[in-house]
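In: Have a look at this prediction, sequence included:
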Amino acid sequence: MTPELGQLALILAMLLALAQSVLPLVGAWRGNRALMAVARPAAAGQAVFVAMAFGILAWAFLRFDFSVQYVADNSNLALPWYYRIAAVWGAHEGSLLLWILILNVWTVALAAFSQKLPEVFASRVIAVMGLIAVGFLAFIIFTSNPFGRLLPMPGDGADLNPVLQDPGMTFHPPMLYMGYVGFSVAFAFSIAALLGGELEQAWVRWARPWTNVAWAFLTCGIVAGSWWAYAELGWGGWWFWDPVENASFMPWLVGVALIHAQAVTEKRGSLRAWTILLSIFAFSLSLLGTFLVRSGVLTSVHAFASDPRRGVFILAFLTIVVGGSLLLYALRAPKVLGGKPFKVVSRETALLISNLMFAVAAAMVLLGTLFPLIGDALNLGRISVGPPYFGFLFPLLMLPVVLLLPFGPFLRWGKGDAPVLKQLLLRAGIAAAACAIVAAFFVDGQPKAIAGVAALVWLTVGVLLYALKRWREMPRGRRYPAEMAGMLLAHLGVGVFVAGVLLSESLSVTRDVRMAPGETQHIGNYDFRFDGVHHTTGPNWTADQGVVTVTRNGSETTVMHPQKRTYPRGQVQTESAVDAGVTRDLYVALGEPMDANDIEGAWALRLYYKPFIRWIWAGGLLMMLGGLVCATDKRFRIKRSAKAEAGAEAADGLQIQETRA
Amino acid sequence: MRLLLQMLFVALLTFAGVAHAQAIEPMPFKDHAQELRFQHLTHQLRCPMCQNETLADSNAPIARDLRNQIFRMMQQGKSDEEIKQYLVARYSRFVLYDPPLTPGTWLLWFGPLLILLGGAGVVLVAIRKRSRIGSTATEAPTDNGDDW
Amino acid sequence: MSRLLPFIGFMLLVGLFGFGIWWNTQHDPNAIPSPLLDKPAPTFNLPQLYEPTRMVSKADLLGKPYLLNVFASWCIECGVEHPVLTAEGPTLGVQLVGYNYKDAPDDAKGWLAKHGNPYDLLIADEPGHTAIDFGVYGAPESFLIDAKGVIRYKHIGPLTPDVVAKELKPAIAAMLKEAP
């Protein structure tokens, strides 16, 4: 299977993507059914060729084809097969191939599940997806070809960066890309709505499940990345506000605002223009992330190797897609206030306020991430913006959201019911305050920890009270529609997440210690006994492996094996030992031997006690689950009548010409 | 060629076999409070040569040297401010992850507040407009009849 | 009109990014501008590499300008820079002072024996403390220090013929013009 076939497949895919984008758009504009009908087959064809290209690259890795430059740069003979597959997306060119593959996954799903949508609308949506595909395929073909040859072929390759040789690595990029790329669906729906003058009022309802699922995947991807950094990088941190992390967080924040705005627009018909704008922002930030990571414009440990030519290409692409859509928005977005009105105290207002906070938070992250660049532009010198900035402003902005959250479900559309709200405030507030006071004794008065407990109780009691209300008031079978169940799960997840962050940040203990075999250190409630270090080997590494026995009140809790691995090319990688637990993690990282010639003697070790840190990711997973559950609501399944509905409206406004060959 | 050299530079720094220092370094702190102070301080400072890492986390030789220097200065009784100024005088403000509030960083520190105020204004206007339209019809339930 | 705001805001962002890409082609993104430019060099007192009992201090070097070149045997880029230094060093018109950074003396001497020694004077900073005062964070780095002991120019990374011609020599010329 020559790699050149992969290149050919990509070119064919791009041609099909061109057909997929241009022809149906023309068809929708002119009412030409034959042209519109090109959309789905073209999308299918493109998907086949992209899958082929991806398969060829994966095959090249599996067969150790070092004549392909990309394979030689990112793998070697000792790399296990599962990491060779992960290596397909381990560097710039391959990760773009993954991006376009996932775009095709979404497009094919869209093509399959949109059969019941009005033809004009559906063909526009698929066409927009095709336009995006054209851009990425062109980018790959012209600047980032993964199939380039390396001749003469080397006997062995370089290596996949050892940091990436971890299960989290196989998981994190695909999940993240599913999210990033998934926002293109909401984007495509919005563009189609703008192009069509929003004849189909129900388009937001059709867009909602796609958006929820994309957001859920993005949540999963971010959680996976955070967990991976914690387990793999050895410093016990789970989030660093690194530019590349921020690049994934901004679309997530806008995505939260979007899924809530879509709910308002779908049910009440209001905020239509804002929902469209948010869809454009969410996907634009996804594209922006792609740009930031590959253009070299920002410094990050995460960033792919940069090349100004690539930077210019992506920037041009970004300008066309985002600039074009924002211009379209300026020209065609609904100008008249639509939908049902609402009072100051209402669910709409609450959602508007939360939208505001999330949008400002995303803007703040963007500002902080780009400020070093602004500093260079305005000649302010090299300024660094890091966790002290983001970690200060973000919680500040999220505080109103956490306070308002329990009120959301209790508020009614249009006009809220004051006594109900007061009751909620009293019950949840007292519960939170009471637990906070009790917690204060356990955590020695640490304010962050107390705040974490208070937030957890406030949010959880709010969710439970609403669940109870529904149980009492509604007949069986109608108590928890999927959409609501998803909401409750996700909001619960917020509480768990906030508790995890505040508790682990305030109660963690970290110690760098020098230990000889047999010595014990006491951290948290645990005793860590160092039992020496010995040599060991793995599939493609050798390591110094330490043994640390952990006991609590005398009984053994666990034995931990931190390692310092050496890979074929000489890279040294610290593999920390983590003992996971629901209420705490124990974490040990190996440093250096005190005497470099005697690994059996004393070593420097870093010991961590991290209470409740798993709650951070558990909370994230609950949010993800909430998003997925919400998308399964049967209200979102398109009835046969949708086409008829839209058909009836269309007949009034638009003449569809039937041209049969 | 420049790109290749840059990559070599970075590769050298990340995987320097000879001068491979570790960020794990037991230091003889006076007490736990001093250790916490050290951890907190080194987490706020940026390694001058790494690709966006704190002094606390970096394996680079310069990070190790600077950590030792900071430790020495703490032992000498210098305050956090003095230590930061010492580093800024030698490595520029680049090493501060917490950008100080100067006219140059007003946009950074006050920008989000301005955006918030602007956005809040827009939201307020929107809510006002909406609450004036119509009155009693707002109680109408949504299509599944139970206000959800 | 307010509907155009997002578009306008975005185009400003595009401008910023375009600038960023261009800026990267002009500057090394890893280089930090030195806060010590046009400020007095830090005082130092370091042993000579070949005669460790003899110390060299900043005061000893006042009166004549010099190029302080930070290098080490473990530094790959220094090997790339060395031929340039050997070739262009004599043409610069200033003393060449080698600053051996965090290196075992034997390693350094062996390296110089192998690659050649273009330096007029060699000092050694094995612990690396003084280097911190200079704001050194890696090797190679080069400082142009004038007769009064003020740092006039700093270059991070290896000296290439391009850098020598376009930056170093003009800096030396400007410096020499001022001196009485």
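Out: Now that the structure is in, tell me what you want to look at.
In: so where is chain B shaky, pLDDT-wise?
Out: Within chain B, the segments meeting pLDDT under 70 span B:1-22, B:134-147.
In: and with 50 instead?
Out: Applying pLDDT under 50 to chain B flags the ranges B:1-21, B:136, B:138, B:143-145.
In: per the record, what domains does it have?
Out: Residue ranges of the domains in chain B are recorded as B:2-98, B:102-148, according to automatic domain parsing.
In: Repeat that for chain C.
Out: C:1-31, C:34-178.
In: Kindly compare burial across these and name the winner.
Out: When neighbours are counted by mean count of other CB atoms under 10 Å in any protein chain shown, the highest per-stretch mean among these falls to domain C:34-178, a mean of 18. (C-beta placed from N, C-alpha, C; glycine too.)
In: Give me the contact status of it with chain B.
Out: Yes - for domain C:34-178, a contact with chain B is found by CB under 8 Å from any CB of the partner chain, at C:34-36, C:74-77, C:80, C:102, C:128-129, C:131-138, C:157-158.
In: before we move on, what about stretch A:232-240?
Out: Yes - counting by CB under 8 Å from any CB, chain B is contacted by stretch A:232-240 at A:L233, A:W235, A:G237.
In: any idea which helix or strand carries A:G546?
Out: Secondary structure assigned from DSSP states H and E places A:G546 in strand A:542-552.
In: closest to chain C out of the domains of chain B?
Out: Using CB to the nearest CB as the measure, domain B:2-98 is the one of these that comes nearest chain C, at 4.0 Å.
In: is chain A contacted by the closest one?
Out: Yes - in terms of CB under 8 Å from any CB, part of domain B:2-98 sits within range of chain A, namely B:3, B:7, B:15, B:17, B:20, B:22-27, B:35, B:39, B:43-44, B:46, B:50-54, B:56-57, B:92-98.
In: Also near chain C: which of the residues you listed, exactly?
Out: With respect to chain C, and counting by CB under 8 Å from any CB, the subset of the residues of domain B:2-98 next to chain A in contact is B:Q51, B:S92, B:F94.
In: Now do the same contact list for the spatially most central residue of chain A.
Out: Nearest to the centroid of the C-alpha atoms of chain A, with distances taken as CA atoms, centre = their mean, sits A:L218, at 2.4 Å. Under the criterion of CB atoms under 8 Å, 6 or more residues apart in numbering or on different chains, the neighbours of A:L218 are A:M175, A:L176, A:M178, A:G179, A:Y180, A:G182, A:F183, A:S248, A:P251, A:W252, A:G255.
In: That one: which element?
Out: Per DSSP H and E, the secondary structure element for A:L218 is helix A:203-232.
In: gap between that helix and the chain center?
Out: Here the centre of helix A:203-232 is set off from its chain's centre by 4 Å, with CA atoms, centre = their mean, to the nearest Å.
In: Give me the packing partners of the helix or strand just after it, helices and strands only.
Out: Per DSSP H and E, helix A:203-232 leads on to helix A:243-268 as the next helix or strand towards the C-terminus. Using 3 or more CB pairs under 8 Å, 6 or more residues apart in numbering or on different chains; DSSP states H and E as the contact definition, the elements that helix A:243-268 packs against are helix A:167-195, helix A:203-232, helix A:272-295, helix A:347-377.
In: Now do helix A:243-268 and helix A:203-232, the angle between them.
Out: 150 degrees (axes from the mean of the first three to the mean of the last three CA atoms, to 10 degrees).
In: and the angle for helix A:243-268 with helix A:272-295?
Out: Relative orientation of helix A:243-268 and helix A:272-295, computed by the same axes, to 10 degrees: 160 degrees.
In: so helix A:243-268 versus helix A:167-195, what angle?
Out: Going by the same axes, to 10 degrees, helix A:243-268 is angled at 40 degrees with respect to helix A:167-195.
In: before we move on, the earlier item: most packed of the domains of chain B?
Out: Compared across the domains of chain B, domain B:2-98 shows the largest average neighbour count, a mean of 17 (mean count of other CB under 10 Å).
In: quick one: contacts for the residue nearest to the spatial centre of chain B?
Out: If you average the C-alpha coordinates of chain B and look for the closest C-alpha using CA atoms, centre = their mean, you land on B:Y97, 4.4 Å from that point. By CB under 8 Å, 6+ apart, the residues touching B:Y97 are A:S384, A:V385, A:G386, A:P387, A:P388, A:Y389, B:Q44, B:L45, B:R46, B:T54.
In: Restricted to helices, list these.
Out: In helices, defined here by DSSP state H, the members of those are A:P387, A:P388, A:Y389, B:Q44.
In: among the residues you listed, which two are most distant?
Out: Greatest spacing in the ones in helices among the contacts of B:Y97, by CB to CB: A:Y389 and B:Q44 (10.5 Å).
In: Pull up the overlap in contacts between the two.
Out: Taking CB under 8 Å, 6+ apart as the contact criterion, the common neighbours of A:Y389 and B:Q44 are B:Y97, B:D98.
In: Look up the closest residue to A:S295, ignoring the ones flanking it.
Out: Counting by CB to CB, 6 or more residues apart in numbering or on different chains, A:G311 is the residue found nearest to A:S295 once chain neighbours are left out, at 3.2 Å.
In: Sweet, I'm off.
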